[in-house]
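Asks: here is my input; please provide its structure:
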Amino acid sequence: MVDIIPAVIPESFTDVEKRVRQVEGLVESFQIDVTDGEFVPSKSWPYVGGSTQELKEIETPLLFEIDLMVSEPEHVIDEWIAAGADRIIVHIESTEYVEACMRDSIEFGLAINIGTPNSALEPYLEHIDFIQFMGIRKIGYQRQEFDSAVVEKIRHFRKNFSGILQVDGGVNKESAPLLIHAGATRLVSGSALFGARNIEEAIEELSNS
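Replies: A predicted model of the protein is given here:
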């Protein structure tokens, strides 16, 4: 079994609350995809209105994983930690100062796009907690088609890396078995879960792929 992490690109803080309640008690972690309209074209909460501090209002046992699809994430990381983030993900393509993003107080992960060579991660492997491979070409949007090229990227990387590998983008019941077989240990999914008739069954199906 692998860990399943439901994800949302929230249109508002209300959207975050709604999705959290839908999966509470079914999983351990919840990913909030934050897009600023610069690193990726789409823009989500809190960049469409609201504040990171609203996150404090949600009382839940879920761990909050913040996927920062923003330019120069080093400037907003501490703000998210103060709001209650348990994990932070920074996209390696989003900043020239990856080291400035790292924090000891939380789990810190690096995300990498399909088109970026795996070798770009090598300088940071000793200082991060996990890697997130993107399973789609056009990040920042939900319901994107899975790109099977990520499977080989994971398989190749897993040969020399024993840590946590998670995948975000295009994760569904068809792609999950391929990703797990390649070496993924966490699967992040949005539309495949929240678009399902029964979220609990959908989570179980992915977990047992």
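
Asks: the most centrally placed residue in the chain sits in which helix or strand?
Replies: What sits nearest the mean C-alpha location of the chain, by CA atoms, centre = their mean, is residue 67, with 5.0 Å. If you go by DSSP states H and E, residue 67 is part of strand 63-69.

Asks: pLDDT weak spots in this protein?
Replies: 142 (pLDDT under 70).

Asks: now do the helices in it.
Replies: 13-23, 77-83, 149-158, 176-182, 191-194, 199-207 (DSSP state H).

Asks: distance check, the residue nearest to the centre of the chain against residue 156.
Replies: Distance, residue 67 to residue 156, by CB to CB, to the nearest Å: 23 Å. For the C-beta atoms, the positions are set from N, CA and C on the backbone; glycine is no exception.

Asks: same check, this time on residue 127
Replies: Residue 127 sits 21 Å away from residue 156 when distances are taken as CB to CB.

Asks: just name the most buried of the helices of the chain.
Replies: helix 191-194 (a mean of 21; mean count of other CB atoms under 10 Å).

Asks: hmm, back to that, any chance of the helices of the chain in CSV, with distance to residue 169 too?
Replies: Converted to CSV, those look like this (distance: least, CB to CB, whole Å):
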stretch, distance to residue 169
helix 13-23, 17
helix 77-83, 21
helix 149-158, 8
helix 176-182, 11
helix 191-194, 10
helix 199-207, 14
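
Asks: residue 52: which of these is closest?
Replies: helix 77-83 (4.3 Å; CB to CB).

Asks: what packs against that closest one?
Replies: strand 63-69, strand 87-91 (3 or more CB pairs under 8 Å, 6 or more residues apart in numbering; DSSP states H and E).

Asks: tilt between the shortest one and strand 63-69?
Replies: Using axes from the mean of the first three to the mean of the last three CA atoms, to 10 degrees, the inter-axis angle of strand 87-91 relative to strand 63-69 is 20 degrees.

Asks: quick one: contacts of strand 87-91?
Replies: The contact list for strand 87-91 (CB atoms under 8 Å, 6 or more residues apart in numbering) reads 29, 31, 39, 63-69, 73, 77, 80-81, 98, 101, 103, 106-113, 129, 132, 139.
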